[in-house]
Every structure is written in C-alpha cells, then in structure tokens.
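1. test case, fold it:
(one chain, ligands or ions: 2)
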Amino acid sequence: MPDPGLSPLPAGPPAAAARLGADLLLQALTGTPDAPPAPRAEPAAAPRWIPGGPSGLGATSVSLARRAEAPALPDPAPAPDPAATTAEQGHPIPGLYFHPIQEPDPVRVEEVSRRIKDWAVDEIQLYPEEWEGQFDGFSVGRYMVACHPDAPTVDHLMLATRLMVAENAVDDCYCEDLGGSPVGLGGRLLLAHTALDPVHTTPEYAPAWADSLGSDAPRRAYRSAMDYFVRASSPSQADRFRHDMARLHMGYLAEAAWTETSYMPEVWEYLAMRQFNNFRPCPTITDAVGGYELPADLHARPETQRVIALAGNATTIVNDLYSYTKELDIPGVHLNLPVVLAEREKLSERDAYLKAVEVHNDLMHAFEAAAAELAAALPVPTVLRFLKGVATWVDGNHYWHQTNTFRYSLPDFW
Ligand SMILES: CC(C)=CCC/C(C)=C(\C)COP(=O)(O)OP(=O)(O)O
Ligand SMILES: [Mg+2]
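-> Numbering: from 1, shown residues only. Ligands and ions are numbered 1, 2, ... in the order given. Reported below is the predicted structural model:
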C-alpha cells in the first residue's frame with residue numbers, strides 16, 4: 001500500500017531510468033550485443049528485457065511501504081540445460097518456447113509443503129484422508145517456490161500457496177474431477193465468491209451467510225486464504241485479486257455453459273473464454289508476495305493490463321498442452337486448445353496439438369514484446385519489478401507443469 005509518507009511517483013522517468021528502459025527495449029528487440037536473438041519455439045535464456053536477478057534495479061530501488069525490505073538473495077545459479085531432463089523430471093514439449101529455471105530452493109519447498117499441509121488438514125479440513133495422495137502429488141510447495149523466488153519470507157510464500165490450493169479446490173470440487181458439474185455451477189460459484197468479497201446485509205440475514213462460509217471445503221479454503229491475504233496486502237491489492245477472481249469465475253461459467261449445451265466454440269471464442277478461465281489471479285499477486293506494491297493506477301493502465309493478459313494466456317495454454325492427455329481420459333469432451341483446433345479447423349490430433357504449441361509461442365512472444373515496451377515507457381522500479389515478477393511466474397509455471405509427472409504426461413506425437 002502506498003504509504004502517505006512516501007514521495008509521489010515521479011512525473012516522468014528520471015534520465016538514468018529512461019536510459020535503462022530504452023536499453024532494455026533495444027536489447028529486447030535486437031538481442032544483447034554479443035548474443036543473437038534466440039530462435040523461436042526453442043528453450044531460451046531469460047528474457048533480455050528483465051533487469052538482472054532478484055537483486056537488480058527493481059528489487060533494490062523499491063520503497064516498501066509497510067514491510068521490511070526483502071533480504072538480498074544470492075545471484076541466481078545458471079538455468080539448467082533443458083536437454084538434460086529425465087523421465088522423472090518430465091520433458092519439455094518439443095518446440096515450446098519457454099525459459100528453464102534453476103531448481104526451487106529445497107529448504108523453502110520443504111517448509112512451504114509442511115505448512116500448507118498443516119493448514120489444509122488442521123485449519124480448514126480441506127480433504128478426506130483418501131485424497132492425501134492427490135494433494136501431495138500436486139506439489140504446490142514446489143510450484144509456489146518456483147514462481148516466487150523473490151518472496152522475502154516463507155510467510156509471504158504461504159499467501160500464494162493457500163490461494164493456489166483454494167483455487168484448485170473450487171475448480172475440482174465445483175467444476176471438475178472431484179464432484180464438480182456444470183449444473184448449478186453459477187449459484188455455487190457466486191456463494192463461494194462471497195468468501196472473497198463479503199456480503200453486506202441486514203443483521204437478520206448476516207449470520208446465515210457467515211455460517212455458509214464454513215459449510216464446504218472450497219468455501220473454507222477461500223475464506224481462510226483470503227483472510228490471510230487481506231491482512232498482508234493493501235486494500236487495492238486485495239481488490240485487484242477479487243476482480244481477477246470474478247474474471248476467473250466468469251470463465252468457469254462460460255466453459256460450463258458450453259459443456260451443458262455441447263457447444264464446440266470457435267477457436268477465438270475458446271481463447272476468449274480461456275483468458276478468463278485462466279491463471280491470471282496467480283501472477284498478479286506477485287507484488288504482494290514479494291512484499292511491495294505496484295500502485296493501483298499503474299496496474300490499471302491498459303499497457304499493464306495487456307502484459308498481464310498475455311502472460312495469463314500463455315501460462316494457461318501451457319496447461320492445455322501439458323494436461324492434454326489427462327483431459328483426453330475424462331469422459332465426454334473436455335475443452336482445451338488442441339481439442340478445439342482439431343474440431344474447428346479439421347486438423348488431425350497431432351497437427352492440432354502442434355498448432356496449439358505455435359499459438360502458445362506467439363502468445364509468449366507477444367507477452368515479452370509488450371513487457372519490453374512497458375518497461376521502456378514506464379521504467380519506474382515498481383513496474384520493472386512487477387514485470388520481472390510476472391515473467392518469473394510464467395517460467396515457474398512452465399517448470400511445474402513440465403516436472404509434475406504425477407499429474408501430466410506428454411502425448412506421443414514426436
Ligand atoms: C490456480 C488457478 C487460478 C486456477 C484457475 C483455473 C485453472 C484450474 C487452470 C487455469 C488450470 O486449468 P485446468 O482446469 O485445465 O487444470 P488441469 O489441467 O486439470 O491441471
Ligand atoms: Mg488443463
């Protein structure tokens with residue numbers, strides 16, 4: 001939250017920052033002087049527009065309004081060679097454009113995994129014993145540590161981890177595998193949304209609403225995870241998150257409506273739905289998890305919104321690609337980009353999948369170009385750090401999908 005004591009944002013970028021932004025854009029467009037641009041559709045080094053590492057400009061120049069400054073982190077180790085993967089770590093999708101990351105800090109992974117299980121079991125009674133294997137196999141601790149390497153403390157990481165678990169509980173229990181259904185979904189989702197966005201009503205009806213928040217696991221998860229988040233974030237960060245969750249719920253409803261009526265969307269319609277039924281609420285909390293705030297007016301700018309939307313879309317199509325075989329096994333038609341492409345563009349399963357990889361790569365390149373433009377146009381520290389945080393989330397999300405062999409496996413197309 002911007003502290004009243006903080007000096008206002010500069011009216012225009014200082015000269016050094018503007019030079020940096022221009023350099024970043026130039027580098028993004030032309031490559032570093034001694035390295036040619038990475039070829040498309042292949043694993044590449046970290047995007048060139050990102051200032052160097054968690055201790056770079058974005059991190060060190062940020063004024064933290066309500067929180068202690070993030071401790072300096074060690075320089076990142078070199079990213080692993082993506083060709084050196086094993087079956088256990090999973091293989092990246094051939095031709096996919098992504099950035100490999102260093103292994104998430106194992107000490108943090110262990111601690112987050114321990115704490116999230118305690119929360120799930122003791123604080124909110126999330127799942128019956130027989131779902132423990134599924135919970136463990138999801139590896140949410142590894143996921144969140146990979147996506148938020150700049151979190152100053154494990155408490156910060158827990159904010160993201162609880163929300164991730166809660167979001168998946170709602171998706172699984174209301175929409176999908178674990179008892180979900182499109183029938184009646186709108187009512188269930190709206191009532192669950194009130195765990196994030198409280199009902200203000202008369203004393204007569206308030207107790208029934210308050211009781212409802214404890215009445216099933218998805219609502220207990222939303223209520224508790226949001227409670228922690230609200231206490232640690234600013235009012236505008238919490239409201240940003242509510243808005244993203246309303247978008248997500250609207251996306252779930254469109255998908256459910258199409259399932260109910262057996263409607264096969266056009267490709268563009270599917271992509272529009274998937275922009276809402278999307279990971280977006282996860283990268284957009286990168287500043288709260290990092291212990292700083294991207295001010296609301298900078299977040300709301302159309303250029304920032306475009307970067308966020310493209311990042312969310314790329315990460316979500318990554319899910320469509322890695323979860324393709326899992327979703328083929330679900331009875332009935334489960335919409336994902338390769339399935340829609342095959343149907344609507346009359347492609348073989350393989351060609352549709354390969355085209356979906358291209359769509360993903362185009363989204364990634366558009367994201368990186370939009371981020372480079374924004375970094376050049378608005379090179380203030382919070383913007384640069386936020387852009388880096390979103391890009392890091394994108395890379396961590398890819399890492400988790402690739403390495404989660406408990407959950408995902410690749411089709412046999414190559
Ligand atoms: C964590 C979060 C905000 C999730 C929102 C929606 C969601 C579950 C996804 C974008 C993942 O897609 P999908 O439902 O297809 O997940 P799986 O393929 O079952 O892993
Ligand atoms: Mg999926």
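2. can you give me the buried ones in stretch 338-349?
-> Across stretch 338-349, burial judged by 16 or more other Cβ atoms under 10 Å covers 338-344, 347. The way it works is simple: take the backbone N, C-alpha and C, and place the C-beta from them, glycine included.
3. alpha carbons of it, as PDB, please.
-> Output of stretch 338-349 as PDB, limited to C-alpha atoms (Å, rounded to 0.1, in the frame of the first residue of the first chain):
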ATOM      1  CA  PRO A 338      -5.700 -28.700 -29.200                       C
ATOM      2  CA  VAL A 339      -9.200 -30.300 -29.000                       C
ATOM      3  CA  VAL A 340     -10.900 -27.100 -30.200                       C
ATOM      4  CA  LEU A 341      -8.400 -26.700 -33.000                       C
ATOM      5  CA  ALA A 342      -8.800 -30.300 -34.200                       C
ATOM      6  CA  GLU A 343     -12.600 -29.900 -34.300                       C
ATOM      7  CA  ARG A 344     -12.900 -26.400 -35.700                       C
ATOM      8  CA  GLU A 345     -10.000 -26.400 -38.100                       C
ATOM      9  CA  LYS A 346     -10.400 -30.100 -39.200                       C
ATOM     10  CA  LEU A 347      -6.900 -31.000 -38.100                       C
ATOM     11  CA  SER A 348      -5.500 -34.300 -37.000                       C
ATOM     12  CA  GLU A 349      -4.900 -34.600 -33.300                       C
END
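4. quick one: mean pLDDT for it?
-> With pLDDT averaged residue by residue, stretch 338-349 scores 98.
5. same question, stretch 355-362
-> The average pLDDT within stretch 355-362 is 98.
6. contacts for that stretch, please.
-> 40-41, 93, 95-97, 271, 314, 317-318, 320-321, 336-338, 341, 345, 347 (Cβ atoms under 8 Å, 6 or more residues apart in numbering).
7. and it, is it in reach of ligand 1?
-> No. Stretch 355-362 lies apart from ligand 1 when judged by Cβ under 6 Å from any ligand atom; the minimum separation is 13.3 Å.
8. likewise for stretch 120-135?
-> No. Contact of stretch 120-135 with ligand 1 (Cβ under 6 Å from any ligand atom) is absent, the minimum separation being 11.3 Å.
9. mind checking how far that stretch is from the chain centre?
-> Mean-position distance between stretch 120-135 and its chain equals 23 Å (Cα atoms, centre = their mean, to the nearest Å).
10. name the residues that touch that stretch?
-> Counting by Cβ under 8 Å, 6+ apart, 117, 165, 169, 178, 217, 220-221, 224 sit against stretch 120-135.
11. repeat that with 6 Å
-> Here stretch 120-135 makes contact (Cβ atoms under 6 Å, 6 or more residues apart in numbering) with 217, 220-221, 224.
12. does residue 283 touch residue 395 like I think?
-> No. Applying Cβ atoms under 6 Å as the test, residue 283 and residue 395 come out as separate, 10.7 Å apart.
13. of those two, who's got more company?
-> residue 283 (26 against 20; other Cβ atoms under 10 Å).
14. how many neighbours does the residue of the stretch 301-414 of the chain found nearest ligand 2 have?
-> Residue nearest to ligand 2 within the stretch 301-414 of the chain: residue 323 (3.2 Å; Cβ to the ion). Neighbour count of residue 323, defined by other Cβ under 10 Å: 18.
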